[in-house]
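Q: Structure here, sequence nowhere to be found:
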DNA sequence: GTCTATACCACGATAGAC
DNA sequence: GTCTATCGTGGTATAGAC
């Protein structure tokens, strides 16, 4: 890979873009594993082998499509947290503001005037429903910075929480958030909230935030956490 | 389909059982979509076509394996709720008890003395990570009764909540729970709670319950829910 | 009814010609 | 850069042996 920046002799970028756009559209419609390279190349009107030439593999294509969607979202989350912390000037930021910074960018991006990105959250929802190993590999990489930043902010706002407790509560928080994002559109696994109010993103956010805030602020029950670290403890899910 | 109960002439059930057991083991190890029918039939030492003969399709096989795991779990949940309601004798059951009835059976089943079932929660975690349409089709069917029963109990325990609010909070609850189950073993998507305490199921349950209870009990923010039901609202995740 | 052998088509990937 | 041809593997369908 000699020239990474801008090397194409002819309409190569055009080809790559066409693949990219076709893939993004099909992924949103059908999910990642369901969408075949043959379907993508047919829609993009390029040769089948062009995908592997330009992207290396289907996995890499998925990764790039996903990156372009997820990057701005997490960027917005951290930017919003930056603003909050700047305004607080050293003091801890209020928990509900932190949670809002984590949750609400998903809403705003969905209203992005640039038409693409309007439904890219579907991609994230899809990704959470994918079985492939590589999803579990690069999703954490993308979220690492977000997790670190929000963890620090929450740690300041919730000084009574142990590190372990905070980690678990963030785990639950991300779980509920992820499920809400995926569930509204793709996977309504258990409950079907269709009958309850609009699937308006803002409505979800406004309901999700207090739920998560209350969970994060909940009192530590008993410190029975030290009860056992014995390795005989079953590893369970 | 004439005789559904018990029809086989010879060792057919044995073959079916062998396929079933091999499939269950491989699914737990590798997930559903990664496990090929050829791998299953090789392990079970049966012919490839036997799967389609006995189960109809890979999807149906997955479904049956999954059913046998999930049935007892949800049965335990509802049995525990039954006991609570009987003890309460008409009065609302305490929220933390309801949540415990929902969450903790996952722990106890994992300690099932009968060795199979010890790690079947991995199957559930796997299922939640599957992209296939049929997962979204029969998972709600299995959870329908659980959702209805727990919804009724929670509705009594939280009389101030509107139906819509309750639905959303249950949605968040199931999300956090599902993610916790899947995340501990299979998909640590965002956070990696390895560094924080044991992956002991009881530890998770004891931390998850107060988190969810607090979220469920959280005060309704503003009744801005009526703000808009206009169809122009973006359907977003 | 049960099981086997085998063929079929779609998939992702890649080598090599242009 | 692009294309054709082809490989290995996947789920599935069926004809026919027992």
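A: Sure, I can see it. Please read these numbers as outputs of a predicted model, since none were measured by experiment.
Q: From what I see, residue A:158 and residue A:95 are in contact.
A: Yes. The pair residue A:158 / residue A:95 is scored as a contact, 6.9 Å apart, by CB atoms under 8 Å. The way it works is simple: take the backbone N, C-alpha and C, and place the C-beta from them, glycine included.
Q: which residues do those two both contact?
A: Listed as contacting both residue A:158 and residue A:95 by CB atoms under 8 Å, 6 or more residues apart in numbering or on different chains are A:216, A:217.
Q: so what's residue A:48 closest to, chain neighbours aside?
A: Among residues not flanking residue A:48 along the chain, residue A:41 sits closest, at 4.9 Å (CB to CB, 6 or more residues apart in numbering or on different chains).
Q: Now do the one you found against residue A:49, distance only.
A: Distance, residue A:41 to residue A:49, by CB to CB, to the nearest Å: 8 Å.
Q: mind checking the SS state of residue A:91?
A: Of the three states, residue A:91 takes coil under DSSP: H, G, I helix; E, B strand; the rest coil.
Q: tally of neighbours for it?
A: Residues near residue A:91, counting by other CB atoms under 10 Å in any protein chain shown, number 10.
Q: So residue A:160: helix, strand or coil?
A: Following three-state DSSP, we place residue A:160 in the coil state.
Q: State the pLDDT value of it.
A: For residue A:160, the model assigns a pLDDT of 94.
Q: And it, its phi and psi?
A: When read as degrees, to the nearest 10, the backbone of residue A:160 gives phi -80, psi -10.
Q: Helices along chain A, start to end?
A: Using DSSP state H, the helices of chain A run over A:12-30, A:37-44, A:48-55, A:58-88, A:95-103, A:105-110, A:121-128, A:133-157, A:163-185, A:201-217.
Q: Now tabulate those helices in a markdown table and tack on mean neighbour count.
A: Formatted as a markdown table, those follow (neighbours: other CB atoms under 10 Å in any protein chain shown):
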| stretch | mean neighbour count |
| --- | --- |
| helix A:12-30 | 18 |
| helix A:37-44 | 17 |
| helix A:48-55 | 16 |
| helix A:58-88 | 17 |
| helix A:95-103 | 22 |
| helix A:105-110 | 20 |
| helix A:121-128 | 24 |
| helix A:133-157 | 17 |
| helix A:163-185 | 23 |
| helix A:201-217 | 23 |
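Q: could I get these as JSON lines with mean pLDDT?
A: Below are these laid out as JSON lines (pLDDT from 0 to 100):
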{"stretch": "helix A:12-30", "mean pLDDT": "89"}
{"stretch": "helix A:37-44", "mean pLDDT": "97"}
{"stretch": "helix A:48-55", "mean pLDDT": "97"}
{"stretch": "helix A:58-88", "mean pLDDT": "92"}
{"stretch": "helix A:95-103", "mean pLDDT": "97"}
{"stretch": "helix A:105-110", "mean pLDDT": "72"}
{"stretch": "helix A:121-128", "mean pLDDT": "66"}
{"stretch": "helix A:133-157", "mean pLDDT": "85"}
{"stretch": "helix A:163-185", "mean pLDDT": "81"}
{"stretch": "helix A:201-217", "mean pLDDT": "91"}
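Q: Same list, those, but as JSON lines with distance to residue B:170 please.
A: Listed next are the helices of chain A as JSON lines, based on distance: least, CB to CB, whole Å:
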{"stretch": "helix A:12-30", "distance to residue B:170": "27"}
{"stretch": "helix A:37-44", "distance to residue B:170": "37"}
{"stretch": "helix A:48-55", "distance to residue B:170": "41"}
{"stretch": "helix A:58-88", "distance to residue B:170": "26"}
{"stretch": "helix A:95-103", "distance to residue B:170": "18"}
{"stretch": "helix A:105-110", "distance to residue B:170": "20"}
{"stretch": "helix A:121-128", "distance to residue B:170": "19"}
{"stretch": "helix A:133-157", "distance to residue B:170": "25"}
{"stretch": "helix A:163-185", "distance to residue B:170": "11"}
{"stretch": "helix A:201-217", "distance to residue B:170": "11"}
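Q: list the contacts for the residue nearest to residue A:48?
A: For residue A:41, the contact set (CB under 8 Å, 6+ apart) comprises A:19, A:22, A:47, A:48, A:50, A:51.
Q: Could you rerun that using 10 Å?
A: Residues in contact with residue A:41 (CB atoms under 10 Å, 6 or more residues apart in numbering or on different chains) are A:18, A:19, A:22, A:23, A:47, A:48, A:49, A:50, A:51.
Q: One more: residue A:205?
A: By CB under 10 Å, 6+ apart, the contact set of residue A:205 is A:99, A:100, A:103, A:104, A:105, A:106, A:107, A:108, A:177, A:180, B:236.
Q: run the last query once more with 7 Å
A: For residue A:205, the contact set (CB atoms under 7 Å, 6 or more residues apart in numbering or on different chains) comprises A:103, A:104, A:107.
Q: re earlier: which one of the helices of chain A lies closest to residue B:30?
A: Residue B:30 lies closest, by CB to CB, to one member of those: helix A:133-157, at 9.9 Å.
Q: Check which helices and strands the closest one sits against.
A: Helices and strands touching helix A:133-157, by 3 or more CB pairs under 7 Å, 6 or more residues apart in numbering or on different chains; DSSP states H and E, are helix A:58-88, helix A:95-103, helix A:163-185.
Q: what residues go with each domain of chain A?
A: Listed domain ranges for chain A are A:12-56, A:63-218 (source: automatic domain parsing).
Q: Looking at the helices of chain A, spot the one closest to residue B:85.
A: Residue B:85 lies closest to helix A:201-217 among the helices of chain A, at 24.8 Å (CB to CB).
Q: tilt between that closest one and helix A:133-157?
A: Following axes from the mean of the first three to the mean of the last three CA atoms, to 10 degrees, one obtains 60 degrees for the angle between helix A:201-217 and helix A:133-157.
Q: Ramachandran coordinates for residue A:94?
A: Backbone torsions of residue A:94, given as degrees, to the nearest 10, read phi -60, psi 140.
Q: where does it sit relative to residue A:202, distance-wise?
A: 20 Å.
Q: quick one: contacts for residue A:213?
A: With contacts defined as CB under 7 Å, 6+ apart, residue A:213 is in contact with A:95, A:96, A:99.
Q: so the second one touches residue A:212, yeah?
A: No. Here residue A:96 does not reach residue A:212: they are 8.9 Å apart, not a contact under CB atoms under 7 Å.
Q: what's the neighbour count on residue A:160?
A: 9.
Q: excluding its backbone neighbours, what's nearest it?
A: Closest residue in space to residue A:160, ignoring its immediate chain neighbours: residue A:220 at 7.2 Å, by CB to CB, 6+ apart.
Q: quick one: contacts for the residue nearest to residue A:172 when sequence neighbours are not counted?
A: Using CB to CB, 6+ apart and skipping the chain neighbours, the partner closest in space to residue A:172 is residue B:176 (4.4 Å). Residue B:176 is in contact with A:172, A:175, A:176, B:208, B:212, counting by CB under 7 Å, 6+ apart.
Q: how far away is residue A:23 from residue A:74?
A: Distance check for residue A:23 against residue A:74: by CB to CB, it reads 21 Å.
Q: sorry, back to before: Throw the contacts of residue A:41 into CSV and include distance to residue A:61, thanks.
A: Shown next, in CSV, are the contacts of residue A:41 (distance: CB to CB, whole Å):
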residue, distance to residue A:61
A:18, 12
A:19, 7
A:22, 10
A:23, 6
A:47, 14
A:48, 13
A:49, 13
A:50, 11
A:51, 6
